[in-house]
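1. need a 3D model of the sequence below.
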Amino acid sequence: MSILSLDQHLKGFYEAEKKSLLAFYPGLTIHRLRQDIKLHAFLNGVDSEELFEFPYLPHRTHPLTIFFEKLKVGTPLEYITGYAYFYRSLFKVTSDVLIPRSETEILVELASQEIKRSYKNKQCRVADIGTGSGAIGISLLMEETAQLDMVMTDISEAALKLAQENFFSHKFAISSIHKTTFIKSDRLKDVPGEFNLILTNPPYIKKSADMAGVHSQVAAFEPHLALFLDDDIYDQWFNEFFTSIHEKLVTGGVSLVESHENHLEAQAEMARKIGFSEVVLVRDYTNRNRFLKLKK
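-> Numbering: from 1, shown residues only. As a prediction, the model looks like this:
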């Protein structure tokens, strides 16, 4: 049996598994796989410069063999490599946190615009609620020159620990004028003080009613705690959350909330009844309702 180079093996693997690969990873190309293999190799201490020209001998403990086996069962690429790109940086991710999505970058952009508009040369107290990997809050810390007092919370101990790891690995790019605190909390419970800006990408999928629209890969691998709410508590959960946000914002403060396109209009009406002075629906890159801007 002839020994194949890694590039030859990859091409053969892609053609043989193409149907299932595209079902798991819509739009996946060999180019994307090469990039992720390079990253995977680098993170496992392998020089990736001429990697694809070298012979590849599959073995059950070989990092690349493990990579290919995980691809076959649809493990998200970000969980295989252990990293995800978000905004302008690379963040460590595990199955304890959601994989940050490109549309969520809009939260960072909206928050940055709000800070530039209202808090130039002032201190701005910010909360990132349900921080997960920390990608939203940390990206904002790296983006802003205004003085931020950032509080990052999560109900999951494992997620909060990962957010702290990501914070320390990006600390070189974060101005020393900022202050950052991590708190284990359900939403805003046990979080002291008031805020100028509250950001959140909470669980917003109804476990039964919305399940048909959830990609099987997401349902199988990503943490349900960060994704789903039981249908019968959904409205009450958000009503309590929006009420606590209203209580925690200073007058004139703003909250930016990512949520489900099917429920945003009802949530906007809920927010108006709670007493927010301004409620605006914001669309994502595909022109679908994705965010709420709530002003006290």
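2. quick one: low-confidence parts of the protein?
-> Residue ranges of the chain with pLDDT under 70: 1, 48-49.
3. just the CA atoms of the longest strand seen in it, as CSV, please.
-> Looking across the chain with DSSP state E, the single longest strand is strand 249-258. Output of strand 249-258 as CSV, limited to C-alpha atoms (Å, rounded to 0.1, in the frame of the first residue of the first chain):
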residue,chain,number,x,y,z
LEU,A,249,-29.4,50.5,34.2
VAL,A,250,-28.7,54.2,35.1
THR,A,251,-31.2,56.6,33.6
GLY,A,252,-30.2,57.0,30.0
GLY,A,253,-28.4,53.7,30.1
VAL,A,254,-28.7,51.1,27.2
SER,A,255,-29.0,47.4,27.0
LEU,A,256,-28.2,45.4,23.8
VAL,A,257,-29.8,42.0,23.7
GLU,A,258,-29.5,39.2,21.1
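4. for the stretch 151-296 of the chain, which segments are assigned as strands?
-> Counting by DSSP state E, counting those that start in this stretch, the stretch 151-296 of the chain has strands at residues 179-184, 195-200, 205-206, 228-229, 249-258, 278-283, 289-295.
5. mean neighbour count, the ones you listed: which tops it?
-> strand 195-200 (a mean of 24; mean count of other CB atoms under 10 Å). Where you see a C-beta, it was placed from the backbone N, CA and C, and this is true even at glycine.
6. what pairs with that strand, parallel or antiparallel?
-> strand 123-129 (parallel), strand 249-258 (parallel) (DSSP bridges).
7. make TSV out of the ones you listed and add distance to residue 85.
-> Converted to TSV, those look like this (distance: least, CB to CB, whole Å):
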stretch	distance to residue 85
strand 123-129	19
strand 249-258	18
